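Participant: Need coordinates for the below:
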Amino acid sequence: MIKIRKADERGHFDHGWLNTYHTFSFADYYDPENMGFRSLRVINEDRVRGGNGFGTHGHRDMEIISYVLEGALEHRDSMGTGSVIRPGDVQRMSAGTGVMHSERNPSPDELVHFYQIWILPERQGIKPSYEQKRFEDAERDGRLRLVASHDGREGSLSLNQDVALYTALVRDGNPIEYTLAPDRHAWLQVARGEVSLDGKTLKAGDGAAISDEKSVSFSGKDAEVLLFDLN
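Facilitator: Residues are numbered from 1 along each chain as shown. A predicted model of the protein is given here:
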């Protein structure tokens with residue numbers, strides 16, 4: 001079964017400095033029919049104007065992933081981490097017992113366009129931690145590249161949840177197939193471009209909840225996707 005979540009059905013707020021879309025209920029957007037999918041709790045697509053950002057604020061008991069599509073995102077936190085995340089980088093922050101952090105666009109005039117993803121951890125009260133890695137285009141050109149997993153295999157980031165996150169650059173209409181183990185589910189998020197998922201057209205911002213399927217196949221041109229394999 002594949003259930004499509006269209007981009008224009010998401011919660012949307014334009015705050016001037018921040019233009020944000022919420023796939024699932026978040027902050028002032030409440031949709032009881034879309035509270036998350038399995039352990040995937042938040043998928044926010046944010047565009048932040050130059051020189052603006054999210055001031056210091058706190059999180060607890062959440063796996064937070066940032067994935068930048070355009071521009072740069074500067075991160076600072078109470079663990080002493082300071083970094084800049086750019087396209088090709090994937091960042092994971094485990095909030096655990098509690099962490100304070102800020103995120104801002106360091107450019108005075110360029111937009112930063114990124115996804116922020118929250119995953120419910122397998123247990124509460126873990127020690128906060130931070131990890132960031134870079135995955136070059138060649139690693140995910142026309143194929144799925146594992147970028148985060150429960151055990152950190154294949155050079156991926158480590159997650160405190162039984163989730164595998166893949167990313168792919170979908171080129172030239174060549175299909176990419178993914179096989180799901182029994183009792184596993186998937187979420188496909190189209191970050192840019194357009195793909196055909198088992199005959200269904202998904203455009204940028206669209207997502208698809210996938211359950212009770214042995215495999216899925218998608219193709220497209222000049223598209224970028226995120227695929228979550230979930231328990």
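Participant: does the residue sitting furthest away from the middle of the chain sit in a helix, a strand or a coil?
Facilitator: Each residue of the chain has a distance to the centre, and by C-alpha atoms, centre = their mean the biggest one is for P108: 25.2 Å. Here P108 is recorded as coil under DSSP: H, G, I helix; E, B strand; the rest coil.
Participant: same deal with L165?
Facilitator: With three-state DSSP as the criterion, L165 was assigned strand.
Participant: Dig out what it forms beta bridges with.
Facilitator: A148, F228 (DSSP bridges).
Participant: State the pLDDT value of it.
Facilitator: You'll see L165 listed with a pLDDT of 98.
Participant: I figured it was touching L227, is that so?
Facilitator: Yes: with contact defined as C-beta atoms under 8 Å, L165 and L227 form a contacting pair (7.3 Å). Using the backbone N, CA and C atoms, a C-beta is placed for each residue, glycine as well.
Participant: Which one's more surrounded, the two?
Facilitator: Neighbours around L165 and L227, counted as other C-beta atoms under 10 Å, are more numerous at L165. The numbers are 26 against 21.
Participant: what are the ranges of the helices in the chain?
Facilitator: Along the chain, counting by DSSP state H, helices occupy 137-140.
Participant: Not counting its neighbours along the chain, what's nearest the residue nearest the centre of the chain?
Facilitator: For the chain, I117 is the residue whose C-alpha lies nearest the centre (C-alpha atoms, centre = their mean; 4.4 Å). Once flanking residues are discounted, I117 sits nearest to I65: 4.2 Å by C-beta to C-beta, 6 or more residues apart in numbering.
Participant: and the one you found, how many neighbours does it have?
Facilitator: With neighbours defined by other C-beta under 10 Å, the count for I65 comes to 24.
Participant: quick one, what contacts it?
Facilitator: 90-92, 115-119, 148, 157, 165 (C-beta atoms under 8 Å, 6 or more residues apart in numbering).
Participant: Same check on Y21?
Facilitator: For Y21, the contact set (C-beta under 8 Å, 6+ apart) comprises 7, 10-12, 44-46, 205.
Participant: again, only using 7 Å
Facilitator: Shown in contact with Y21 (C-beta atoms under 7 Å, 6 or more residues apart in numbering): 10-12, 44-45, 205.
Participant: For the residue nearest to I117, give its distance to A191.
Facilitator: As defined by C-beta to C-beta, to the nearest Å, I65 lies at a distance of 13 Å from A191.
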